[in-house]
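Student: got a predicted model here, sequence first, then my questions.
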Amino acid sequence: MKITEKLQKAEREGRPFWSFEFFPPRTAQGLQNLYDRIERMRNLGPEFIDITWGAGGKNADLTNSLVQMCQETIGIETCMHLCCTEMPKEKVEWALAQAKAHGCQNILALRGDPVAGTSQWEPTPGGFMNAVDLVRHIHKYYPGDFCVAVAGFPQGHPETKDAPDAQEQEIAWLKEKVDAGADFIFTQMFYDTTIFFDWVKRVRDAGITVPIIPGIMPIQNWEKFEKWVQRENIVVPPHFYEALTPVKGDDEKVRKVGTKLVGDMCKAILANKEAGVKGLHIYTLNLEKGARMLLEELGFEGRREQIAPLPWRPSLTPHRRGETIRPIFWANRVESYLSRTDEWDEFPNGRWGDSRSPAYGDLDGYPVSINISPNDAYNLWGHPTTFEEICTLFARFCRGDLGKLPWSSQPPASETSVIDDQLAKMNELGYLTINSQPAVDGARSDDKVHGWGPTGGYVYQKAYLEFFVSPELLSPLIRRIERDPRITYYAVNKQGDLRTNTHSEGPNAVTWGVFPGKEIVQPTIVEAVSFIAWKDEAFELGLQWANLYPESSPSRKLITDTMSTSYLVNIVANDFQDGLSIFEPFLLDQQPIVGKLVDGVKGAVNGVLEGVNGAVEGIKGKVVQTGFSAGVLTNGNGNGH
């Protein structure tokens, strides 16, 4: 969606908006870490984010990757900076084509800074003279594809002289950019609201009516504050220094005091009706805490509809924007699902109707990876040598004591807390859970745990479980499941042998929402074709875990054997009003495998003690001691006799 459409929607709803700016890190590892940070900060509810563009596109590949990830996987509307410095037209064309391909509909057109090592800006041969040329080019060759933003400078551009004529010329240049097609204005950072309000008035008096979004820099610590103030020659009101100077040696106090100062500034901006500013653009410097604290100071909370428009994160690439249904199996493997279905020409493309097409890409086309080094895996999961130790790892994950498993790179979702005790007990009994959701019967769509979709609606879920289990446990489990007609299941082993009690070939909707003025939305389903496509990946992830250990190690053999012999099972409790019925077939009150192990050890110890006591009595009575040896060595039940 174009940013102007988002701003119009916010204004119609009478609410403020905010957005974040990020820059591409210098390394691939830094980029991965930033993905994780943007994922978390998405939950703060920004209307959109923007990504900077290095002079000459020196980080063009990283910028491109970041824009793609934000649009495709994180599902957040992104604006891409594009500047003229060291950018011939062919490079600009490449950047615009990439942005369009990723579904990025918003560009910030900038002239850019002088080339590094020079003090005066010079146009690139075959490139653009200034931002207005770039705006014209975008609208001419990509009509309707992009919403175009430009920069405004309340204190004046660094190259503008401090004189009335020069300032008026700068306003005239800004109007030229708007007349060329610029849709809104981002401003340079500032801390003096008097300067900002005066500039806004001069802009409006010049006939410029497009939205203005002020750039806000949180105060993270004293050194960064001083650095940016000096670098950008920013005017700072005296009361900022009066409040900050006494605490400048304490980063936490600087951040606390700075948040209050900047928060008061933002409140004054949004309260000024004459300026008519409706939102804020926060320069994060790729840091999370300062932005979070500022939003808390302002009392801003992200709308649930924006943070979770569906139970899963929608992709914003052009051919996936209409996707409204996904199989639940890939809930913790979003990138994999997107990659394996990337060649689908339309979503859902009848995929979930009668004319279903088995269009899932093969594993050969998508390299499945658990993305962890052997050392990190050892630190997380140790070196399990018994099945009981594997059960304990899975149980710890369900209880929140373990950060990840090979099938999930993130801790359990918040809604899992409703059933975490039951999940942990399942794992202790030998059912290794990798996916689940609790039953939900009409939670409000703005509920912070279960809610998703537009406000004013209600959401529902059938309880769902997915797990690995041995054939020995599976057969009696299926007999118990089939006694309850409310429960349906699929079970498949690595070789593809499928067992099910489901007679319908169609999908089973396990999540749905009821919203004002809309049809029923069914965003997650369970069905056979998808499950068979997923099982290859699920088993592969387990084998990759095994292969992190040395070839002849007990851990590799144990995990490989577990994957080779287990069944992957999913079950759905179709009575969504009975949230615990799904756990009844597992007999959670029986003694766990882990408990049996402990009791076995206790029994062995008791057996040894009894044997020792018997030996002592034998010596006393002049009895031959072979009875003690036979008692311990020939009884495998730990009783010692």
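Tutor: Looks like it arrived, so ask away. Residues are numbered from 1 along each chain as shown.
Student: every contact and neighbour count from this point should use C-alpha atoms.
Tutor: Noted.
Student: okay, Glu388 and Asn272: tell me how far apart.
Tutor: Relative to Asn272, Glu388 is positioned 64 Å away (criterion: CA to CA, to the nearest Å).
Student: who has more neighbours, the two?
Tutor: Higher neighbour count among Glu388 and Asn272: Glu388, with 19 against 12, using other CA atoms under 10 Å.
Student: so that one sits against Ile593, correct?
Tutor: Yes - with contacts counted by CA atoms under 8 Å, Glu388 reaches Ile593, the gap being 6.4 Å.
Student: residues shared between the contacts of these two?
Tutor: Any residue near both Glu388 and Ile593 by CA atoms under 8 Å, 6 or more residues apart in numbering counts here, and that gives Glu428, Gly430.
Student: so Phe20 lies in a helix, does it not?
Tutor: No - the secondary structure assignment for Phe20 gives strand rather than a helix, going by DSSP: H, G, I helix; E, B strand; the rest coil.
Student: can you give me every residue that contacts the closest residue to Met129 other than its chain neighbours?
Tutor: Counting by CA to CA, 6 or more residues apart in numbering, Met129 lies nearest to Pro123, which is 5.2 Å off, once chain neighbours are set aside. Contact analysis of Pro123 by CA under 8 Å, 6+ apart lists Cys84, Thr85, Glu86, Met129, Asn130.
Student: closest to Phe190 among the residues you listed?
Tutor: Asn130 (23.4 Å; CA to CA).
Student: now do stretch 504-517, average pLDDT.
Tutor: This predicted structure assigns stretch 504-517 an average pLDDT of 92.
Student: for Asn570, phi and psi?
Tutor: Backbone geometry at Asn570, expressed as degrees, to the nearest 10, gives phi -130, psi 140.
Student: actually Asn106, not the one I typed
Tutor: Asn106 has phi and psi values of phi -140, psi 130 when expressed as degrees, to the nearest 10.
Student: burial count for it?
Tutor: A count of nearby residues for Asn106, using other CA under 10 Å, gives 25.
Student: equivalent analysis for Cys398, please.
Tutor: Residues near Cys398, counting by other CA under 10 Å: 28.
Student: list the contacts of it.
Tutor: Contact partners of Cys398, counting by CA under 8 Å, 6+ apart, are Pro412, Thr416, Asp420, Asp421, Leu423, Ala424.
Student: pick out whichever of these sits closest to Phe576.
Tutor: Nearest to Phe576 among these: Thr416, at 15.8 Å, using CA to CA.
Student: can I get the one helix or strand Glu226 maps to in PDB? Just the C-alpha atoms.
Tutor: Using DSSP states H and E, the secondary-structure element containing Glu226 is helix 222-231. Provided in PDB are the C-alpha atoms of helix 222-231 (Å, rounded to 0.1, in the frame of the first residue of the first chain):
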ATOM      1  CA  TRP A 222      25.000  11.800  25.500                       C
ATOM      2  CA  GLU A 223      27.700  11.000  23.000                       C
ATOM      3  CA  LYS A 224      25.300  10.100  20.200                       C
ATOM      4  CA  PHE A 225      23.200  13.200  21.000                       C
ATOM      5  CA  GLU A 226      26.300  15.500  20.800                       C
ATOM      6  CA  LYS A 227      27.600  13.800  17.600                       C
ATOM      7  CA  TRP A 228      24.300  14.300  15.700                       C
ATOM      8  CA  VAL A 229      23.700  17.800  16.900                       C
ATOM      9  CA  GLN A 230      27.200  18.800  15.800                       C
ATOM     10  CA  ARG A 231      27.200  16.800  12.500                       C
END
